[in-house]
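# Have a look at this fold, sequence not included:
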């Protein structure tokens, strides 16, 4: 199944319904292909120049050498939308780490460790040693 962005990027009548920036993004995804589009992020449209965000300098230099090929493909897909591409290094943002600890509600009382020990013999040993330590 083909993604909507690729279909819109190839559509000639999409300019009636979408902004120029949306058309440029869709044209980039269609011209770059599935694998490259997953490694890049189309950014801001400045005039007729699309800024494409990449993760590091290696991606930037490799894609810069392919700029004429991309522009040819984009011109065939959506004529007049883009005249230039700029590859800018923008590292991916990390999502904030989540707290994985279980949430304890105020109504819940903490279960003592001695009650969480399943073996009755070990539980009695624990209780006796705790009693001696606190005495």
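Nice, thanks for sending it over. Worth saying up front: this structure is predicted, and the values here are computed from it rather than measured.

# okay, CA-based contacts and neighbour counts for the rest of this
Noted.

# Name the residues of the helix ranked longest in the chain that come out as buried.
In the chain, assigned by DSSP state H, the helix with the most residues is helix 20-39. Within helix 20-39, the residues that count as buried by 16 or more other CA atoms under 10 Å are 20-32.

# And for stretch 119-135?
For stretch 119-135, the neighbour count (16+ other CA under 10 Å) marks residue 123 as buried.

# I'd like the distance from that stretch to the chain centre, please.
51 Å (CA atoms, centre = their mean, to the nearest Å).

# State whether residue 64 is indeed within a strand.
No - per DSSP: H, G, I helix; E, B strand; the rest coil, residue 64 lies outside any strand segment and is helix.

# Could you count how many residues lie near residue 47?
By other CA atoms under 10 Å, 12 other residues sit near residue 47.

# how close does it get to residue 38?
Using CA to CA, to the nearest Å, we find residue 47 at a distance of 24 Å from residue 38.

# where does this protein dip in pLDDT?
Counting by pLDDT under 70, the chain contains low-confidence residues at 1-17, 99, 101-108, 110.

# still on that earlier bit, any chance of the buried residues of helix 20-39 in JSON lines, plus distance to residue 135?
JSON lines is the format used below for the buried residues of helix 20-39 (distance: CA to CA, whole Å):
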{"residue": "20", "distance to residue 135": "78"}
{"residue": "21", "distance to residue 135": "74"}
{"residue": "22", "distance to residue 135": "73"}
{"residue": "23", "distance to residue 135": "76"}
{"residue": "24", "distance to residue 135": "76"}
{"residue": "25", "distance to residue 135": "72"}
{"residue": "26", "distance to residue 135": "74"}
{"residue": "27", "distance to residue 135": "76"}
{"residue": "28", "distance to residue 135": "74"}
{"residue": "29", "distance to residue 135": "72"}
{"residue": "30", "distance to residue 135": "75"}
{"residue": "31", "distance to residue 135": "77"}
{"residue": "32", "distance to residue 135": "73"}
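
# Closest one to residue 43 out of those residues, please.
residue 25 (7.8 Å; CA to CA).

# The closest one reaches residue 42, doesn't it?
Yes - counting by CA atoms under 8 Å, residue 42 is a contact partner of residue 25 at 5.7 Å.
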